[in-house]
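Student: all I have is the shape, not the residue letters:
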Ligand SMILES: Nc1nc2c(ncn2[C@@H]2O[C@H](COP(=O)(O)OP(=O)(O)OP(=O)(O)O)[C@@H](O)[C@H]2O)c(=O)[nH]1
């Protein structure tokens with residue numbers, strides 16, 4: 001019988017930038033898993049984009065052999081988790097595979113919004129938590145103060161919290177010892193029917209779908225015929241292995257083990273995250289309860305600049321989706337932009353990352369429309385429709401009611417900024433739910449807010465009104481009815497469907513004027529007069545005009561000066577990059593984001 005007593009499965013949880021990835025790097029070095037040759041900053045952040053942005057997007061799991069100070073040998077499975085709110089679902093699924101967590105708190109900053117959110121997730125999964133106070137190499141760090149803050153706010157015993165510098169490596173060895181001493185070993189019966197929890201999966205061009213799972217009970221061997229519980233589909237296990245840190249095949253995995261499996265699966269839906277893997281010949285009767293379905297919250301249109309780029313764009317989107325079950329897309333046609341796609345994302349950061357990857361990795365030239373949330377439309381005949389594209393909103397007279405998604409948001413802020421935060425939340429149609437002092441100088445403010453208001457420029461504004469001191473976390477709560485209207489934008493009299501936005505009626509007029517002005521300013525003056533209008537139904541609420549340009553420009557050139565004339569024409573041509581021609585008007589990418597920026601002045 002294999003023993004689980006030497007296994008420790010743990011995650012590192014932290015607020016963004018508190019040093020999770022840096023600590024993981026030091027752990028890998030200290031245990032000799034990553035030698036000098038492979039050493040590079042943030043080993044676990046594999047994607048180029050992740051490294052550049054310094055954030056962790058995809059959870060990475062690594063098996064670390066560790067010999068403790070008393071000579072006992074252990075296997076530590078470190079499951080790295082992303083810190084940004086867009087990816088909190090990945091945190092939750094990773095935690096489900098662990099018995100414990102290191103809670104990293106930046107000792108210069110203290111408890112922040114996602115520190116709390118992540119601790120709650122860890123407690124939901126009954127994890128043992130080891131507090132780690134990081135960045136003690138910095139003179140402004142206050143580990144004792146932060147330890148009492150954690151005790152006070154979270155109620156977590158910090159008497160044995162470990163003060164470290166993940167940067168210099170100071171005290172990281174104490175963290176390893178605490179992992180083996182304080183975290184419980186996994187339990188599980190190797191003879192019981194197989195019960196393995198899928199907590200991650202991705203597509204690999206050589207191996208097909210790679211399933212990352214945690215064995216709860218039973219034993220799985222290479223060649224076993226397995227059954228995916230929810231779909232009742234069977235597959236043959238072609239590879240079993242662990243990442244240590246590179247992939248390494250193993251003949252079998254037993255209770256408490258964390259590893260990967262390949263089984264000739266072609267699609268991520270063959271192995272849904274949260275599902276249970278069991279054996280055909282002796283299936284479990286007690287599958288894991290599973291995770292909440294991941295739903296995209298933010299949507300935008302993605303259109304190729306040239307129609308010929310449609311197919312390559314489709315291929316690129318399909319490739320990205322292979323590795324990102326949270327990203328959705330479907331074909332969409334716009335009168336203004338032609339054939340393209342409607343894409344759904346977890347949040348704005350997720351959207352930015354996908355757009356950037358399309359451009360960098362696939363060389364796609366895109367027009368992206370302004371992000372939108374999904375709306376629930378109840379028609380006068382009682383049918384309910386969810387729309388994620390404002391231009392698809394039915395005619396006003398056929399709508400009985402319109403509901404928008406709301407989130408519950410917790411904002412942590414030093415008390416001198418409370419007034420500014422309240423003002424911002426009120427401007428964003430927020431409903432204040434709670435306000436309490438965390439410490440004598442720090443406050444948690446709870447608001448319910450329409451998600452659409454956040455999608456626009458909330459984070460930037462929050463950061464700017466609090467000089468960067470606020471942190472926040474939010475979760476989706478429900479759809480709520482609101483008095484919303486569709487704002488159409490017209491260019492030279494034609495409605496441009498891709499520019500439509502849904503806004504609150506009370507703000508429609510002000511907003512329409514602001515968008516019209518931004519739009520006018522972002523469309524370069526051209527050969528023809530360009531009239532930009534904002535309208536609700538047939539009622540025009542704003543009008544802006546761009547006078548024709550070219551005649552005037554070239555007229556200044558006294559006919560003879562051909563170089564100057566060419567320069568001007570070249571300049572105009574340059575401006576045409578990433579433009580979409582609509583009738584006679586060239587519209588640049590930034591014009592499609594006018595709706596986003598209208599509110600920011
Ligand atoms: N001075 C100092 N800086 C540190 C320490 N640990 C991390 N940092 C720095 O803090 C920043 C954030 O560290 P990361 O390890 O990327 O933080 P993270 O929590 O993994 O961030 P996400 O993956 O984006 O959630 C980086 O610039 C690190 O170099 C430390 O002990 N001392």
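Tutor: Here it is on my side, so go on. Since we're looking at a predicted model, the values are computed, not measured. Numbers count the residues shown, from 1 in each chain.
Student: show me where the stretch 301-450 of the chain dips below the pLDDT cut-off.
Tutor: Of all residues in the stretch 301-450 of the chain, those with pLDDT under 70 make up the ranges 323.
Student: and if we set it to 50?
Tutor: Judged against pLDDT under 50, the stretch 301-450 of the chain has no low-scoring part.
Student: near the ligand, which residues of it are found?
Tutor: If contacts are counted using Cβ under 6 Å from any ligand atom, no residue of the stretch 301-450 of the chain sits beside the ligand. Just so you know, the C-beta spots here come from the backbone N, C-alpha and C atoms, and that holds for glycine as well.
Student: what segments of the stretch 301-450 of the chain are strands?
Tutor: When secondary structure is read from DSSP state E, counting those that start in this stretch, the stretch 301-450 of the chain shows strands at 328-334, 338-345, 366-368, 375-379, 384-387, 399-414, 431-437, 442-450.
Student: again, but for the stretch 1-150 of the chain
Tutor: Listed in chain order (using DSSP E, counting those that start in this stretch), the strands of the stretch 1-150 of the chain are 7-14, 61-67, 73-79, 100-106, 128-134.
Student: mind putting these in CSV, distance to residue 412, mean neighbour count and mean pLDDT included?
Tutor: Conversion of the strands of the stretch 1-150 of the chain to CSV gives the following (distance: least, Cβ to Cβ, whole Å; neighbours: other Cβ atoms under 10 Å; pLDDT from 0 to 100):
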stretch, distance to residue 412, mean neighbour count, mean pLDDT
strand 7-14, 14, 26, 94
strand 61-67, 30, 20, 93
strand 73-79, 26, 21, 94
strand 100-106, 13, 27, 96
strand 128-134, 18, 24, 97
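Student: now do stretch 513-520: distance to the chain's middle.
Tutor: The offset between the C-alpha centroid of stretch 513-520 and the centroid of the whole chain comes to 30 Å, using Cα atoms, centre = their mean, to the nearest Å.
Student: okay, now the domains of the chain?
Tutor: The chain breaks down into these structural domains: 4-182, 195-279, 298-369, 376-482, 486-597 (assignment by the TED database).
Student: so which of those gets nearest residue 289?
Tutor: Each of the domains of the chain was checked against residue 289 via Cβ to Cβ, and the shortest separation belongs to domain 195-279, namely 8.3 Å.
Student: for the closest one, measure first residue to last.
Tutor: Domain 195-279 stretches 8 Å from its first residue to its last (Cα to Cα, to the nearest Å).
Student: tell me which residue in the stretch 301-450 of the chain sits closest to the ligand.
Tutor: Per Cβ to the nearest ligand atom, residue 349 is where the stretch 301-450 of the chain lies closest to the ligand, at 10.5 Å.
Student: related to what we said a few turns ago, dump the strands of the stretch 301-450 of the chain into a markdown table; add mean neighbour count as well.
Tutor: Compiled in a markdown table, those are given as follows (neighbours: other Cβ atoms under 10 Å):
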| stretch | mean neighbour count |
| --- | --- |
| strand 328-334 | 16 |
| strand 338-345 | 21 |
| strand 366-368 | 21 |
| strand 375-379 | 18 |
| strand 384-387 | 13 |
| strand 399-414 | 20 |
| strand 431-437 | 12 |
| strand 442-450 | 19 |
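Student: turn these into CSV, including distance to residue 318.
Tutor: Shown next, in CSV, are these (distance: least, Cβ to Cβ, whole Å):
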stretch, distance to residue 318
strand 328-334, 9
strand 338-345, 10
strand 366-368, 15
strand 375-379, 27
strand 384-387, 24
strand 399-414, 28
strand 431-437, 41
strand 442-450, 33
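Student: and those strands: which comes nearest residue 142?
Tutor: The nearest among those, by Cβ to Cβ, is strand 442-450 at 13.1 Å.
Student: elements contacting the closest one?
Tutor: Counting contacts by 3 or more Cβ pairs under 8 Å, 6 or more residues apart in numbering; DSSP states H and E, strand 442-450 packs against strand 399-414, helix 418-427, strand 431-437, strand 471-481.
Student: what's the closest of these to residue 186?
Tutor: Where the helices and strands packed on strand 442-450 are weighed against each other on Cβ to Cβ, the nearest is strand 471-481, at 29.0 Å.
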